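Participant: Next comes the sequence, and after it the predicted model I'd like to discuss.
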Amino acid sequence: MLNLKFIQDNPELVIAKLKRKHFDAAGIVNQITELYRQKNQLQNKADQGKAEMNKISGEVGLLMRQGKKEEAEIAKTRTAEIKESIKQFDIDFAAIEEQVYQLQVQLPNLPADLVPDGRGAADNLVVKSGGEIPALPEKALPHWDLAAKYNIIDFELGVKLTGAGFPVYRGKGAQLQRALINFFLAEASKAGYEEIQPPLMVNEASGFGTGQLPDKEGQMYHATIDNLYLIPTAEVPVTNIYRDVILEARDLPMKNTAYSACFRREAGSYGKDVRGLNRLHQFDKVEIVQIAHPDKSYETLEDMVKHVTTLVEKLELPYRILRLCGGDMSFTSALTYDFEVFSAAQKMWLEVSSVSNFESFQANRLKLRYRDEATKKPQLAHTLNGSALALPRIVAALLENNQTAEGIKIPEVLVPYCGFEVIC
RNA sequence: GGUGAGGUGGGUGAGUGGCUAAAACCAGCAGUUUGCUAAACUGCCGUACGGGAAACUGUACCGCGGGUUCGAAUCCCGCCCUCACCGCCA
């Protein structure tokens, strides 16, 4: 959520920037600035009234202690009217605050200057690519057929146990999962991220803090009896560590990594690229999160992009990095880089990571601040996160790209983690 | 699931109607002293929203919401959460 004062002070800038996200903010921004004015007027009136009440109460207390009961009674008679007017001011004030808030949450984050113009996926800018797309033999199989052939992932069994989108990994398939998780965590630790093992369920306050609630409620599994939500990403619990926290500037950046299973209902996405591992209800992911000083957050973003780049390179996967255009970015992001790997049998680019700077958009909602060293005042920090990496599509690409007549070759870097070199 | 206790500032914890934004201690910050470290001493040490060029100042906040009262951290009602013990159990 954008900062209210910032909107108030820079209405034209907000409107102009949001145009690049193809969001017409003029109406909302104008309403906000008008309501803000009204809000301040009301607050002034209410505060004056309350100050008067406090004064009278003080006087009454003094008179009572002096035993001047009659004078105290006289003072009391003055309060009824003031009290009534305060009550009304407070009601109006709360109503306006609520209106402002409802408008405020409708505004997406402002895109950074680097964000390319464009409406959709076709307009994203490829900023880097690497690796080589392998030339597969004629009879190359898609990963779901390879999974069955080598008996490493059982989609049917998952349907029996739970439902579609909950595959069962077995044998070397399960070991490969574990190897990838350990590899990703080890790399993150090496890069200075503190490892976190978070809860896989969160409460409402956490869901709200990172913006899944109230708007995207339908995307999370909800255990209604206990009112807990299964996390769609470790970003939720890890970022919420810093909810309502004021950090010292010298402690920034905070760097955390976490492996977690991720649960997504994916309501409404049925039928689109859902075969095999392409889109699941439960999947594994290692996430990296940083809390950065506002002056440093774009350096931090570059740093995170580099980290993810080394991962796909070490896995020897053909990849490309996209800088998302205004129309394709998420509501909350200021700048996002998507990582895609090429899955050679499907002949498709698959998104395996999304690394974003949210600037203070998330922090404002989380009340995540740091103490400015010069002014000693709390300021909103910047939050960033990225996948490093999401497993299923990595596995899909690994299986498809590395298939040979002798079996599936494991990338060298993973062999120590797997304990085998080939799946056959 | 049963029973009991409790939610106060970064932490411990005092406060049961006005003199309490809230004692005391610890941590933290600045300084004095000291050959260094340490210790001792002195001062500072909440957040948000308003007003003000600023100094400064108004209001709100003691889990959340409501109520009683001239006045509520303190009394009443509802909700949420935490802890302890017992039972069950990985």
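Facilitator: On my side now, so go ahead.
Participant: Can you tell me the closest non-neighbouring residue to residue A:264?
Facilitator: In this structure, residue A:264 finds its nearest non-sequential neighbour in residue A:232, 4.9 Å apart by Cβ to Cβ, 6 or more residues apart in numbering. The C-beta positions use only the backbone N, C-alpha and C, and glycine is treated the same way.
Participant: Which other helices and strands does the longest helix seen in chain A contact?
Facilitator: Criterion DSSP state H: the longest helix present in chain A is helix A:26-65. With contacts taken as 3 or more Cβ pairs under 8 Å, 6 or more residues apart in numbering; DSSP states H and E, helix A:26-65 sits against helix A:4-9, helix A:11-19, helix A:69-77, helix A:79-104.
Participant: Go through those and name the closest to residue A:125.
Facilitator: Residue A:125 sits nearest to helix A:11-19 of all the helices and strands packed on helix A:26-65, at 18.0 Å, using Cβ to Cβ.
Participant: Averaged pLDDT, stretch A:412-421. What do you get?
Facilitator: Computed over stretch A:412-421, the mean pLDDT rounds to 96.
Participant: Enumerate the positions of it that are buried.
Facilitator: A:414, A:417, A:418 (16 or more other Cβ atoms under 10 Å).
Participant: gap between that stretch and the chain center?
Facilitator: 32 Å (Cα atoms, centre = their mean, to the nearest Å).
Participant: Just the endpoints, please. Distance across it?
Facilitator: 8 Å (Cα to Cα, to the nearest Å).
Participant: Ok, stretch A:237-248 next?
Facilitator: End-to-end distance for stretch A:237-248, by Cα to Cα: 21 Å.
Participant: do it and RNA strand B meet at all?
Facilitator: Yes: Stretch A:237-248 lies within reach of RNA strand B by Cβ under 7 Å from any atom of the strand, at residue A:246.
Participant: hmm, back to that, quick one: the longest helix of chain A near RNA strand B?
Facilitator: Yes: counting by Cβ under 7 Å from any atom of the strand, RNA strand B has neighbours in helix A:26-65: A:36, A:40, A:43-44, A:46-48, A:50-51, A:53-54, A:56-58, A:60-61, A:64-65.
Participant: Can you say which of those are buried?
Facilitator: Buried residues within the residues of helix A:26-65 next to RNA strand B, defined by neighbour count using 16+ other Cβ under 10 Å: A:36, A:46, A:60.
Participant: Hmm, residue A:83 and the second one touching each other?
Facilitator: No: using Cβ atoms under 8 Å, residue A:46 and residue A:83 do not qualify as a contacting pair, with a distance of 11.6 Å.
Participant: and chain A, which residues reach RNA strand B?
Facilitator: Neighbours of RNA strand B within chain A, by Cβ under 7 Å from any atom of the strand: A:4-5, A:8, A:36, A:40, A:43-44, A:46-48, A:50-51, A:53-54, A:56-58, A:60-61, A:64-65, A:76, A:79, A:83, A:227, A:246, A:369, A:371, A:377-378.
Participant: average pLDDT across stretch A:95-105?
Facilitator: Here the average pLDDT along stretch A:95-105 is 91.
Participant: What are the buried residues along it?
Facilitator: Residues A:96, A:97, A:100, A:103, A:104 are the ones in stretch A:95-105 that count as buried (16+ other Cβ under 10 Å).
Participant: just curious, which of those is nearest to RNA strand B?
Facilitator: Minimum distance to RNA strand B across the buried residues of stretch A:95-105 is 8.8 Å, recorded for residue A:97 (Cβ to the nearest atom of the strand).
Participant: Wait, that closest one touches residue A:36, no?
Facilitator: No: counting by Cβ under 8 Å, residue A:97 does not reach residue A:36; the two are 10.0 Å apart.
Participant: got the phi/psi numbers for the closest residue to residue A:171 other than its chain neighbours?
Facilitator: Leaving aside its chain neighbours, residue A:171 sits nearest to residue A:152 (5.7 Å; criterion: Cβ to Cβ, 6+ apart). When read as degrees, to the nearest 10, the backbone of residue A:152 gives phi -110, psi -20.
Participant: neighbours around residue A:199, how many?
Facilitator: Neighbours of residue A:199 under the rule other Cβ atoms under 10 Å: 14.
Participant: which SS state does the closest residue to it other than its chain neighbours fall under?
Facilitator: Closest residue in space to residue A:199, ignoring its immediate chain neighbours: residue A:237 at 5.6 Å, by Cβ to Cβ, 6+ apart. At residue A:237 the chain is in helix, as set by DSSP: H, G, I helix; E, B strand; the rest coil.
Participant: got a list of what residue A:237 touches?
Facilitator: Residues near residue A:237 by Cβ atoms under 8 Å, 6 or more residues apart in numbering: A:196, A:198, A:199, A:200, A:202, A:206, A:231, A:258, A:260.
Participant: in the sheet, who's paired with the fifth one?
Facilitator: Looking back up the chat, that one is residue A:202. On the basis of DSSP bridges, residue A:202 is bridged to residue A:229.
Participant: Out of the contacts of residue A:237, which sit inside helices?
Facilitator: residue A:206.
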